[in-house]
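[1] Sharing a model prediction with you, sequence too.
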Amino acid sequence: MATRARKDKRPTPYDRGMSIAFLKGHGTQNDFVIVPDPDNAVQLSPSAVAVLCDRRAGLGGDGLLHVVRSAAHPEAAHMAGEAEWFMDYRNGDGSVAEMCGNGVRVFAHYLQRAGHVEAGDLAVATRGGVKRVHIDKSGDITVSMGKAVLPEDRATVTVGEHSWPTYNVNMGNPHAVAFVDDLDQAGDLFTAPATAPAGVYPEGVNVEFVVDRGERHVAMRVHERGVGETRSCGTGACAVAVATARRDGLDPARTGSPVTYTIDLPGGRLAITERADGEIEMTGPAVIVAEGEISSEWFETLDA
């Protein structure tokens, strides 16, 4: 394979004889390839990440968690005093992303499993800022997801012959939450449901369909923009909890009391709490499924 000059002298998977450790994990079936690299010694190109996350050609995953010490990464060094570890998160197509709520839980679980942290509180650096995490002795992990913004603009979502008004909730990304009679009314969710007027979500939107299951307990399906239906969406579950609370006439900022909703997703169950200060906390499981090594030979057919 032809070699190319590159400014970054870190080893890549294309360097002959090199193997890279990996693990596979998921949070409510939002799954990830995990690459431990404390010293930021490995360069993973977008194409390499995309192949690793490919479910037929690679290991398969919704994204990749590159585990790096903050002090060793130029994008996170300024957060090193606050958070030792940086979640260098990549989408399944190889693109860089700011944050992933389910990914942070899996990231924290890996750190504990590897002996880097113990149960209790820790901080994780992300491109979306430092996230506060609590690892419970039961195994559940809580992530502080920030505060929700509820823009005044409202929209209608349509699937087939059905239309519903939506709650507009922004969790750093836009969400349109619709309450329906039956989750099957959402259709296949392979394509984006139509929203109107178009100007409310000029860059597209994640759409959540929600049904009641009991007191402060709902189930949902989600279309993630640019992806389709996914088994779990952390920010989507947070948006659903906030929208459901407002529908129910509950606002912790007014009452001074936190509100918690149980959210059932196709991939599992999350608990979402909105505190009186507006901070939203997501609690759920994280699982490590497997671990192994990726050999350099596997990458030699790629265009580095």
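    That came through fine. Numbering: from 1, shown residues only.
[2] so what are the domain limits for this protein?
    As given by automatic domain parsing, the domain ranges for the chain are 19-140+287-299, 156-284.
[3] Show me the strands in the stretch 151-300 of the chain, by range?
    For the stretch 151-300 of the chain, the strands defined by DSSP state E, counting those that start in this stretch cover 156-159, 162-165, 167-170, 174-179, 194-196, 206-214, 217-224, 228-229, 259-265, 268-274, 279-284, 287-295.
[4] Quick check: buried residues in the last one?
    Put plainly, it is strand 287-295. Within strand 287-295, the residues scored as buried using 16 or more other CB atoms under 10 Å are 287, 294. The way it works is simple: take the backbone N, C-alpha and C, and place the C-beta from them, glycine included.
[5] Pairing partners for the strand or helix carrying residue 124, with directions?
    Taking DSSP states H and E as the definition, one finds residue 124 inside strand 120-126. The pairing partners recorded for strand 120-126 under DSSP bridges are strand 85-91 (parallel), strand 129-135 (antiparallel).
[6] hmm, back to that, nearest approach to residue 111 belongs to which of the strands of the stretch 151-300 of the chain?
    Among those, the nearest to residue 111 by CB to CB is strand 287-295 (11.2 Å).
[7] now stretch 104-111: mean pLDDT?
    Stretch 104-111 comes out with an average pLDDT of 97.
[8] Under the pLDDT cut-off, which ranges of this structure? List them.
    1-18, 299-304 (pLDDT under 70).
[9] switch the cut-off to 50
    Residue ranges of the chain with pLDDT under 50: 1-6, 304.
[10] Excluding chain neighbours, what is closest to the residue nearest in space to the middle of it?
    The structure's the chain has its C-alpha centroid closest to residue 100; by CA atoms, centre = their mean the separation is 2.6 Å. Distance criterion CB to CB, 6 or more residues apart in numbering; nearest residue to residue 100, sequence neighbours excluded, is residue 89 at 5.4 Å.
[11] Could you report the neighbour count for the one you found?
    By the criterion of other CB atoms under 10 Å, residue 89 has 21 neighbours.
[12] Could you do residue 165 as well?
    Neighbour count for residue 165, taken as other CB under 10 Å: 12.
[13] Just list the residues touching it, thanks.
    By CB atoms under 8 Å, 6 or more residues apart in numbering, residue 165 lies in contact with 154, 155, 156, 178.
[14] Quick check: which helices or strands does the helix or strand harbouring residue 143 pack against?
    Element membership for residue 143, per DSSP H and E: strand 141-147. Counting contacts by 3 or more CB pairs under 8 Å, 6 or more residues apart in numbering; DSSP states H and E, strand 141-147 packs against helix 101-113, strand 129-135, helix 234-247, strand 279-284.
[15] ok so, going back, please work out which of the strands of the stretch 151-300 of the chain is packed deepest.
    Ranked by mean neighbour count under mean count of other CB atoms under 10 Å, the strands of the stretch 151-300 of the chain are led by strand 174-179, which reaches a mean of 24.
[16] Sheet partners, orientation included, of that strand?
    Paired strands of strand 174-179, with direction, are strand 167-170 (antiparallel), strand 206-214 (parallel) (DSSP bridges).
[17] re earlier: any residues touching the strand holding residue 143, and which ones?
    Residues from elsewhere that reach strand 141-147, judged by CB under 8 Å, 6+ apart: 101, 104-105, 108-109, 128, 131-136, 171-172, 234-235, 238, 278-286.
[18] Distance from the chain centre to it, please.
    Centroid separation for strand 141-147 versus its chain: 12 Å, with CA atoms, centre = their mean, to the nearest Å.
[19] before we move on, what about stretch 51-58?
    Computed by CA atoms, centre = their mean, the chain-centroid distance of stretch 51-58 equals 19 Å.
[20] Check stretch 169-188 too.
    Put simply, stretch 169-188 sits 17 Å off its chain's centre (CA atoms, centre = their mean).
[21] now do the same end-to-end measure for it.
    Terminal residues of stretch 169-188 lie 23 Å apart, using CA to CA, to the nearest Å.
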